[in-house]
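Trainee: Compute the structure for the input listed below.
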Amino acid sequence: MKIMGLVSEFKTFAMRGNVVDMAVGIIIGGAFGKIVSSFVNDVIMPPIGVLVGGVDFSDIKITLKAAIMNGAEVAEPAVTINFGAFINTLIDFIIIAFAIFMMIKFMNNMKKKEVAQPAPPPAPAEPSNEEKLLAEIRDLLKK
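Mentor: Take a look at the predicted model:
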């Protein structure tokens, strides 16, 4: 019986709007990450590589141990520190973080505008016939 309760509780949790919204955000974020990675690797890094002297950043690495060759075959691959790939990933992160920052800033500005515009005050209610009659009597007594 506890398993059924657990399944029911999980179903309630998974079907809440927040979880579904978060899942959509994660999927879109993953796709956005691929777009940014392509932008960095295919658009930004080639011109930077040309400015630096024709270097492809993704190929920059420090070889700790050379590959051991057995004729034309690689018996043991080289051990390298790929800091060029790290630089590409770091630039990806900076672009994604900036884009998210700008999106959140835009959303916060929209919320501030909603809060800053107070609702117009309700129109005063039409006085009842009794109040109108009393006002007329008051005005006549003033004269």
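Trainee: quick one: buried residues of stretch 32-41?
Mentor: Within stretch 32-41, the residues scored as buried using 16 or more other C-beta atoms under 10 Å are 36, 37, 40, 41. For glycine as for every other residue, the C-beta is placed from the backbone atoms N, C-alpha and C.
Trainee: ok, those vs residue 115, which is closest?
Mentor: Using C-beta to C-beta, residue 36 comes nearest to residue 115 of the buried residues of stretch 32-41, at 32.2 Å.
Trainee: Look up how far residue 98 lies from the closest one.
Mentor: Separation of residue 36 from residue 98 (C-beta to C-beta, to the nearest Å) stands at 10 Å.
Trainee: Would you state the helices of the chain in chain order?
Mentor: Ranges of helices in the chain, per DSSP state H, are 2-14, 17-39, 45-52, 83-116, 129-142.
Trainee: Where in this structure is the helix or strand with the lowest mean pLDDT?
Mentor: helix 2-14 (a mean of 79; mean pLDDT, DSSP states H and E).
Trainee: Mind listing residues that contact that helix?
Mentor: residue 19 (C-beta atoms under 8 Å, 6 or more residues apart in numbering).
Trainee: Export that helix to PDB, keeping only CA atoms.
Mentor: The C-alpha coordinates for helix 2-14 follow below in PDB (Å, rounded to 0.1, in the frame of the first residue of the first chain):
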ATOM      1  CA  LYS A   2       2.900   2.400   0.700                       C
ATOM      2  CA  ILE A   3       4.100   2.100  -2.900                       C
ATOM      3  CA  MET A   4       0.700   3.200  -4.200                       C
ATOM      4  CA  GLY A   5       0.800   6.200  -1.900                       C
ATOM      5  CA  LEU A   6       4.300   7.000  -3.100                       C
ATOM      6  CA  VAL A   7       3.300   6.700  -6.800                       C
ATOM      7  CA  SER A   8       0.200   8.900  -6.100                       C
ATOM      8  CA  GLU A   9       2.300  11.500  -4.300                       C
ATOM      9  CA  PHE A  10       4.900  11.500  -7.100                       C
ATOM     10  CA  LYS A  11       2.100  11.900  -9.700                       C
ATOM     11  CA  THR A  12       0.800  14.900  -7.800                       C
ATOM     12  CA  PHE A  13       4.300  16.400  -7.600                       C
ATOM     13  CA  ALA A  14       5.100  15.800 -11.300                       C
END
